[in-house]
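>>> Sequence and predicted structure, then a few things I'm wondering about:
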Amino acid sequence: MLRLMRFTSTNQRPTHIFGTKAPRTTLDATAFLQRNDRMASLLPTVMRMASLQKDCAAALPAMFDNCDILSFEDTQLVLATPSSAVAAKLKQQIPKLQTALRAKGWQINAIRLKVQVTRSIAPVVHTQQLVLPAQAVNAFAELGDALPETEQNKTLIAAVRAMAARRR
């Protein structure tokens, strides 16, 4: 789901960013959509879907972190869930979600769930700790002692010495 931001002025300063920590990326995407004639017609739909995503997340903050909106047509909302377990839990919360969305002005008569298994695959995280040879640990310890004790180097010296001490 493409998540965009809303602007309060013409100077392109974001007031709220959905789904990204890099404002430049979001500004570039929004600027592209606004400049391109074919894409400009998509901008209201994208903004509407982003607003609906935000309202769903506000209604069910704990459950909606891993879910996305797939479509919203003819008062039917289709949500993507990362697993059948999340879908089962979310299914129990559908009346609460529907009530909350209606209170926000969304006309939703039905909510369907689709399991999207590919979302649930976690990225590979390497947890193996780097093993330094004794010669490298000694070199770091010597570096910690050899650096001049200035205000600029204080944090670096402490970090190098702490790393050498942990590796011994």
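In hand now; what should we look at?
>>> Please enumerate the strands of the protein.
6-7, 14-16, 68-73, 76-81, 110-115 (DSSP state E).
>>> who wins for proximity to Asn138 among those strands?
Checking the strands of the chain against Asn138 by Cβ to Cβ gives strand 14-16 as the closest, at 49.1 Å. In this view, the C-beta of every residue, glycine as well, is placed from N, C-alpha and C.
>>> Mean pLDDT and distance to Arg168 added to the strands of the chain, as a markdown table?
Formatted as a markdown table, the strands of the chain follow (pLDDT from 0 to 100; distance: least, Cβ to Cβ, whole Å):
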| stretch | mean pLDDT | distance to Arg168 |
| --- | --- | --- |
| strand 6-7 | 42 | 53 |
| strand 14-16 | 44 | 47 |
| strand 68-73 | 87 | 48 |
| strand 76-81 | 91 | 48 |
| strand 110-115 | 91 | 50 |
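>>> most packed of those?
Ranked by mean neighbour count, the strands of the chain are led by strand 76-81 with a mean of 19 (mean count of other Cβ atoms under 10 Å).
>>> Nearest to Pro95 among the strands of the chain would be which one?
Using Cβ to Cβ, the nearest of the strands of the chain to Pro95 is strand 110-115, at 9.2 Å.
>>> how many neighbours does Trp106 have?
17 (other Cβ atoms under 10 Å).
>>> who are the neighbours in contact with it?
52, 55 (Cβ atoms under 8 Å, 6 or more residues apart in numbering).
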